[in-house]
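Peer 1: got a sequence here, can you model it:
(chains A, B, C and D)
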Amino acid sequence: MGKLYTDAVAALDGVLFDGMTIMAGGFGLCGIPENAIQAILDSGVKDLTIISNNCGVDGFGLGKLLDAKRIRKMVSSYVGENKEFERQFLAGELELEFNPQGTLAERIRAGGAGIPGFYVKTGVGTVIAEGKDHRDFDGETYIMETGLTADLSIVKAWKADPQGNLIYRKTARNFNPMMASAGKVTLAEVEDIVELGELDADAIHTPGIFVQRLIKGEFEKRIEQRTTRTKEG
Amino acid sequence: MGKLYTDAVAALDGVLFDGMTIMAGGFGLCGIPENAIQAILDSGVKDLTIISNNCGVDGFGLGKLLDAKRIRKMVSSYVGENKEFERQFLAGELELEFNPQGTLAERIRAGGAGIPGFYVKTGVGTVIAEGKDHRDFDGETYIMETGLTADLSIVKAWKADPQGNLIYRKTARNFNPMMASAGKVTLAEVEDIVELGELDADAIHTPGIFVQRLIKGEFEKRIEQRTTRTKEG
Amino acid sequence: MAWTREDMARRAAQEMEDGFYVNLGIGIPTLVANFIDESIDVTLQSENGMLGMGPFPYEGEEDPDLINAGKQTITELRRTSYFSSADSFAMIRGGHIDLSILGAMEVSGTGDIANWMIPGKMVKGMGGAMDLVAGVKRVVVIMDHTSKAGDPKLLKTCSLPLTGTGVVDRIITNLGVFDVTDDGLVLVELAPEVTVDDVKASTEAKFALAEGLAV
Amino acid sequence: MAWTREDMARRAAQEMEDGFYVNLGIGIPTLVANFIDESIDVTLQSENGMLGMGPFPYEGEEDPDLINAGKQTITELRRTSYFSSADSFAMIRGGHIDLSILGAMEVSGTGDIANWMIPGKMVKGMGGAMDLVAGVKRVVVIMDHTSKAGDPKLLKTCSLPLTGTGVVDRIITNLGVFDVTDDGLVLVELAPEVTVDDVKASTEAKFALAEGLAV
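Peer 2: Predicted coordinates:
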């Protein structure tokens, strides 16, 4: 049994189909699966439903799939960084489902954890609650949210071992661990593949059971907002 | 602001009261908060509801509180290691609420995560489902389980820094992280307190926000079932 | 000649496939680990929070922080990862474990299983058994065909409190192997020298014979 | 003399207490970090998965794997821990964050807040704002008292789509500080040289005056 593939094209062989649902990890451009996105673009697959907190920027990240009009529907919490998104949405070419960020994260975790529904306070009394089941617990009102799964999850980690155990780095972790658990197939792309036994077993974020395919990727790791301070003296 | 206390007695000052609910980490005797259990015993507090996967063994772990008849009710998944438990239960001195182990773990996580209810397949069609809300998702039947919180959580970790960031070791992690998040007050006892900055920020299991009080403990770490193999030749 | 415990464990080990993640219950299921074909790659899960469970430690190398779900001291492997109980059962409930091999007191012809409680006896608790039968992709039961008193354990309807309903896929007893299908129980293998009549005599549940069953 | 943005941020920084875990929104709330009293210990949360957020990096030391919820490059501290988005919002939703300081387009006298969407304009999304107002123990809003067009932003009822209902505890504007109480809005502080009549003239919501308010 080998999880290791030479590249994203090989790793996605037999997995892609028009109309499929794909979860893509990352927050902004931080911790996004650049290699899988490019391979999905190159494959020509279309009518995609993409579950991702954001939709990249014009020309980079998921913005590439958007520019090529491969996305039919986005499930996100914030898409404000992307002009082509606005254009397609206003032109009615793109469906959009907003979720509060924490609700989105929990829906994905729930999908991976066999939990089809759960209650949260988030969004009660807002447009987000419309049409959802309301229920009181201890005198407070909550709404029911449902679990999410995907045909494919593409995630980005820092290090992996050949069993697919993953470690993420700093805030590049974000949505990646839950998405890894919620894909029928999960492709992980990493910066470094180490020997079995090199990862600290207590520090593994995503156990290999959640990773069916694995590649060592090449990353631009573009910075979205470069903010700095000046050294004094 | 200091989280660090000299010992468990000092750390529990002002927290304990008769009839309170306490979550206690550990699986069997692995990863149990030995110091807090002893201090709770010494305090004389009684009529406790204890949420813990198991109830220790006769004379050790939570078995100490049981022997002293301080426990009014146990919320557990398995209590088979304890003869005094059986005696008190059959004599009607002890209330018992069984939860499937995964349901118990998830109820505690939910309690800490602001989720008052969620649906699972576990236990559908069994005694566990009696009286619980049933609901179908995609043609399958699920039952609703509720979140759990506690007045106090006592957890055991391996290492901490003075901010209360915790790292657990091997299978001694078990129920400790969720319980740390579900206590109104959480006392963590650890084997080693290291300098701030010494823990790998990517490898911290329980962020310090969940830990209000912290002690360096003394541990017997009793082994429940010593199973070994013999070295060949 | 009925199968021994080891025979049953050996037969159960054939349920494993390359790349499988497997959870083994306490008792005979634990023995199955000894018979896994070395040519396939199988990872054992322990529901107290570990993937990649290794064998018992050498004497003197026991680690109190490293136990399995049966509370026995074990070892780790190079592939091992640890996680919390919530994450462990998210893995189980979410259908990520390929196979669970469990013991049982009773199994019904429709795949109901009872393996946690005998009314009138002290209730020890279900531990993770209800989660495993509800969540794992494929559930295989190993059990003696009859109780010590000689009563059938493969029943039309379980008499003991259930662990799960319609969850068992296959049953391996000392007399043979049964599949739970949409059309009911099917006998798919017989232990050596055991006849269909032998099985019928000690089985309450109705069962069909698999095509090509060597009788 | 109405407060400047810096004055408002400085005033908001006084909401912090020793040992607090705090989430700061984008915009003026981000400035608040600059005015935290050095004698107290405050930990900043960034909802993309970090506790213990440090300042911007020195030039040339930016790390693409280390950003805040506003997607800006930042640094870590010795106390920093990282976690997933699910764990981050478990922390927020579960009521573990002591204080959130957020901007707003409108706030009502009963603590409703609208800060994510203007109908007719492109919808960017609510990000984590709905989770924060619903989950954090205490929610403090910083906003200009009126819109650029001079319209009141403290309203009887919000006109924009809501982020949350009955969630705001305190509002700091350039004119003063208001508490949302069970009996309605109470003006508790005035900016220097600002009069109650000034405030009344640009506030749609009714408000009472706190006892001992220096007018």
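Peer 1: hey, where'd the strands end up in the chain?
Peer 2: In the absence of a named chain, this looks at chain A. A:21-24, A:48-51, A:71-76, A:95-98, A:117-120, A:134-137, A:140-146, A:150-160, A:166-167, A:183-193, A:213-216 (DSSP state E).
Peer 1: I was after chain C.
Peer 2: Under the criterion DSSP E, chain C contains strands at C:21-24, C:43-46, C:50-53, C:76-82, C:99-103, C:106-108, C:113-114, C:138-142, C:154-155, C:170-172, C:176-181, C:184-190, C:207-209.
Peer 1: contacts for the helix or strand of chain C with the lowest mean pLDDT?
Peer 2: Counting by mean pLDDT, DSSP states H and E, chain C has its least confident helix or strand at helix C:28-31, which shows a mean of 92. Helix C:28-31 has contacts (Cβ atoms under 8 Å, 6 or more residues apart in numbering or on different chains) with C:Arg5, C:Glu6, C:Met8, C:Ala9, C:Ala12, C:Leu24, C:Gly70, C:Ile101, C:Leu102, C:Gly103, C:Ile142, C:Met143. Bear in mind the C-beta positions are built from the backbone N, C-alpha and C, glycine included.
Peer 1: try 10 Å
Peer 2: For helix C:28-31, contacts defined as Cβ atoms under 10 Å, 6 or more residues apart in numbering or on different chains pick out B:227, C:5-6, C:8-10, C:12-13, C:22-24, C:44, C:68-70, C:72, C:100-103, C:140-144, C:172.
Peer 1: burial check on A:Arg169, number of neighbours?
Peer 2: Using other Cβ atoms under 10 Å in any protein chain shown, A:Arg169 has 20 neighbouring residues.
Peer 1: how about the nearest residue to it, chain neighbours excluded?
Peer 2: A:Trp158 (3.9 Å; Cβ to Cβ, 6 or more residues apart in numbering or on different chains).
Peer 1: give me the neighbour count for the one you found.
Peer 2: 18.
Peer 1: what do you get for C:Gly120?
Peer 2: Neighbours of C:Gly120 (other Cβ under 10 Å): 6.
Peer 1: is chain B within reach of stretch C:58-69?
Peer 2: Yes: using Cβ under 10 Å from any Cβ of the partner chain, we find that stretch C:58-69 touches chain B at C:Tyr58, C:Glu59, C:Gly60, C:Glu61, C:Glu62, C:Asp63, C:Pro64, C:Asp65, C:Leu66, C:Ile67, C:Asn68, C:Ala69.
Peer 1: mind listing what's buried in that stretch?
Peer 2: For stretch C:58-69, the neighbour count (16 or more other Cβ atoms under 10 Å in any protein chain shown) marks C:Glu62, C:Asp63, C:Pro64, C:Asp65, C:Leu66, C:Ile67, C:Asn68, C:Ala69 as buried.
Peer 1: the fifth one reaches C:Gly52, doesn't it?
Peer 2: No: shown here, C:Leu66 and C:Gly52 do not form a contact pair, counting by Cβ atoms under 10 Å, at 11.7 Å.
Peer 1: next, show the common contact partners of those two.
Peer 2: The overlap between the contact sets of C:Leu66 and C:Gly52 (Cβ under 10 Å, 6+ apart) consists of C:Ser46, C:Glu76, C:Thr80, C:Tyr82.
Peer 1: could I get those residues as JSON lines with neighbour count, pLDDT and distance to C:Leu187?
Peer 2: Output for the shared contacts of C:Leu66 and C:Gly52, formatted as JSON lines (neighbours: other Cβ atoms under 10 Å in any protein chain shown; pLDDT from 0 to 100; distance: Cβ to Cβ, whole Å):
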{"residue": "C:Ser46", "neighbour count": "23", "pLDDT": "98", "distance to C:Leu187": "32"}
{"residue": "C:Glu76", "neighbour count": "19", "pLDDT": "98", "distance to C:Leu187": "40"}
{"residue": "C:Thr80", "neighbour count": "24", "pLDDT": "98", "distance to C:Leu187": "39"}
{"residue": "C:Tyr82", "neighbour count": "29", "pLDDT": "98", "distance to C:Leu187": "41"}
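Peer 1: redo those as a markdown table? Include distance to C:Glu17.
Peer 2: As requested, these are exported to a markdown table (distance: Cβ to Cβ, whole Å):
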| residue | distance to C:Glu17 |
| --- | --- |
| C:Ser46 | 20 |
| C:Glu76 | 23 |
| C:Thr80 | 21 |
| C:Tyr82 | 25 |
